[in-house]
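Engineer: Sequence and predicted structure, then a few things I'm wondering about:
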Amino acid sequence: MTTVASVPVRKRRGALGARRFASRVLIYAALIFWTFICLFPIYWTVTTSFKSAVDVTQGHLIPWLDFLPDWKGWRSLGLSPDTILKTSTARTEFMSRFVNSILTSVGASLLALVLGSLAAYGLSRFRYKFAWMRNDDILFFFMSQLILPPVVLALPFLVLYKALVLLDTTLGLILLYTLTVLPIVIWIMRDQFNSIPIELDEAAFVDGLSVWGAFIRIILPLAIPGMAAAFILSLVLCWNEYFFAALLTSTDAKTLPVMVASQTGSQGINWWSMAALSTAAIAPLVLIGIFLERYIVSGLTTGAGK
């Protein structure tokens, strides 16, 4: 038997459920819209690599509906199915730039991770005093280097690298990229080490381990998520860097971003070639982001709940 008092309760519950459903629909609609905005440039780049000049200029977007896909962009790089087995100067150049990007990005990220982890561990576990500067001031000094515009360093690095014979060398880019991403690595790793109880270090010291032993055998294994996040973020930043790569290289050490920007000439921009190059350049980063997403999220959100 239904009482009169239960009817308003059911109505309130129904209204509350309807509001929750409507809010959830709005949230998902906003997320889908934002995902579309974020992914559309990638979609446009990938589809442009399969367009002809007419399709590019007329803004056709949907394959097989607005235009018939063609391998023109990939053929210009020697990477299309009909040219992949043939000798291609363009493909040789692409592979050379691709290898340069891998060497400089991975080398700089690893070096920055080693140096940054050591500096971050010191800032996390010890107390320093340099003039008026304390640990937080030292960390802020490192982070403030990111504020400096790269163009300010152009002339000093040109003069320095010419004197050290580092112009147009992979080693020169590795050293420079290491300095570029080092503040970010220190920032991420310091938060990571702060989230690890200092009692673990003290227990390691009681067991007879030195500072280095505690750091390498106890702390570093626990800091792997933060190290993975710092490495991946450094890798992405180094991989996409263009200014110094264009400034300090000419032939031997050019990277993919420089090659992408070079797809311009007196006849205009080869949009299909530039799109194919860009697609090939971002593909490794997309794969890294997909397979290592959990490490990136866990590493960057360490200590966020404190």
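Structural biologist: The structure has been received and is ready for your questions.
Engineer: Could you list the single helix or strand in the protein with the lowest mean pLDDT?
Structural biologist: None of the helices or strands of the chain scores lower by mean pLDDT, DSSP states H and E than helix 293-300, at a mean of 66.
Engineer: Checking Leu26 next. Helix, strand or coil?
Structural biologist: Here Leu26 is recorded as helix under DSSP: H, G, I helix; E, B strand; the rest coil.
Engineer: Can you tell me how far it is from Ile32?
Structural biologist: Note on Leu26: its distance to Ile32, by Cβ to Cβ, to the nearest Å, is 11 Å. Every C-beta, even on glycine, is put in place using the N, C-alpha and C of the backbone.
Engineer: With Thr264 instead?
Structural biologist: Distance, Thr264 to Ile32, by Cβ to Cβ: 35 Å.
Engineer: where do the strands sit along the stretch 1-150 of the chain?
Structural biologist: Read by DSSP state E, counting those that start in this stretch, the stretch 1-150 of the chain holds no strands at all.
Engineer: Report pLDDT for Pro183.
Structural biologist: We have a pLDDT of 93 for Pro183.
Engineer: and if you look at Phe193?
Structural biologist: Note for Phe193: predicted pLDDT of 92.
Engineer: can I assume it is in contact with Ala223?
Structural biologist: Yes: assessed by Cβ atoms under 8 Å, Phe193 is found in contact with Ala223 at 6.3 Å.
Engineer: Now the residue nearest the centre of the chain: which helix or strand?
Structural biologist: Against the mean C-alpha coordinate of the chain, by Cα atoms, centre = their mean, the closest residue is Val236 at 2.7 Å. Using DSSP states H and E, Val236 sits in helix 224-240.
Engineer: Counting by contacts, list what that helix packs against.
Structural biologist: Applying 3 or more Cβ pairs under 8 Å, 6 or more residues apart in numbering; DSSP states H and E, one finds that helix 224-240 contacts helix 89-125, helix 170-194, helix 271-291, helix 293-300.
Engineer: Report the buried residues of the strand or helix carrying Pro257.
Structural biologist: Assessed by DSSP H and E, Pro257 sits inside helix 256-261. Going by neighbour count (16 or more other Cβ atoms under 10 Å), the buried part of helix 256-261 is Leu256, Pro257, Val258, Met259, Val260.
Engineer: now do stretch 153-171
Structural biologist: Under 16+ other Cβ under 10 Å, the buried positions of stretch 153-171 are Leu153, Phe157, Tyr161, Leu166, Leu167, Thr169, Thr170.
Engineer: Would you mind checking the average pLDDT for that stretch?
Structural biologist: Regarding stretch 153-171, the rounded mean pLDDT is 92.
Engineer: Extract the C-alpha trace of stretch 26-44 and format it as CSV.
Structural biologist: Taking C-alpha atoms only, stretch 26-44 is exported to CSV below (Å, rounded to 0.1, in the frame of the first residue of the first chain):
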residue,chain,number,x,y,z
LEU,A,26,26.8,17.9,-20.2
ILE,A,27,30.1,16.8,-18.7
TYR,A,28,30.6,14.1,-21.3
ALA,A,29,29.5,16.4,-24.1
ALA,A,30,32.0,19.0,-23.0
LEU,A,31,34.8,16.3,-22.8
ILE,A,32,34.0,15.0,-26.3
PHE,A,33,34.0,18.5,-27.7
TRP,A,34,37.3,19.3,-26.0
THR,A,35,38.8,16.0,-27.3
PHE,A,36,37.7,16.9,-30.8
ILE,A,37,39.4,20.3,-30.5
CYS,A,38,42.6,18.7,-29.2
LEU,A,39,42.8,15.9,-31.8
PHE,A,40,41.6,17.8,-34.9
PRO,A,41,45.1,19.2,-35.7
ILE,A,42,46.5,15.7,-35.6
TYR,A,43,43.6,14.5,-37.8
TRP,A,44,44.2,17.3,-40.2
